[in-house]
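Asker: Sequence first, predicted model second:
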Amino acid sequence: MKRLLFLVLLSILPLHINGCSQIQNNTDNNNKPPLSMVTQSSEITSADISEGKQVIQEYFNALKNSRYDDLQKTLGRYKQGLYNKENIDKWKPDLDSIEYPGNYIDLNTPPSSYISIYKKAPYKFMTLHVIFTEELKKKDWDYILVKEEEKSSWVIHDWGK
């Protein structure tokens, strides 16, 4: 009987040790924030903000003047295909102002749509608060801009409230 009890305890001991080491590994991983909560990899500089504002201005100018190719240059992969040469004349908002930071979207969270599609966070991201006039009504949205890689240009990833 003692021998049987000893064998049972001896067989359980490796499982207990293995289980404890997995718990330790899990707690190490729990200390790291999920990818969707990673903050921007680099600080947003005044040059970044100026470049981002320029992208927004170019976007609104391209819409207003129906310049399809210029419009496409301002849009990131996520919004590519939204406009085409037939529908570019449909929306003609007037840009009123652009401010950093955005009002509605958390500054420290990379766009979840970017992460879910491309399986990584962009190199840098920021939100700009944009006020525009559409058919005599003032609207304000946050525009999410991303810089996919260090050498990439800023592009519009998404917008909304």
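Answerer: Thanks, I have the structure now.

Asker: now the strands: where do they sit in the protein?
Answerer: Counting by DSSP state E, the chain forms strands over residues 94-99, 124-134, 137-147, 155-160, given from the N-terminal end onward.

Asker: okay, those in TSV with mean pLDDT and distance to Leu82 next?
Answerer: Where you see a C-beta, it was placed from the backbone N, CA and C, and this is true even at glycine. Conversion of those to TSV gives the following (pLDDT from 0 to 100; distance: least, CB to CB, whole Å):
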stretch	mean pLDDT	distance to Leu82
strand 94-99	97	18
strand 124-134	95	16
strand 137-147	95	13
strand 155-160	94	10
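
Asker: domain parsing for the chain?
Answerer: According to the domain assignment given by automatic domain parsing, the chain is divided into the following structural domains: 1-32, 39-160.

Asker: Mean neighbour count, those: which tops it?
Answerer: The highest mean neighbour count among these belongs to domain 39-160 (a mean of 16), with neighbours defined as mean count of other CB atoms under 10 Å.

Asker: distance of Ser66 from Trp91?
Answerer: When CB to CB, to the nearest Å is the yardstick, Ser66 and Trp91 sit 10 Å from each other.

Asker: among the domains of the chain, which gets the worst mean confidence?
Answerer: Least confidently modelled of the domains of the chain is domain 1-32, at a mean of 51 by mean pLDDT.
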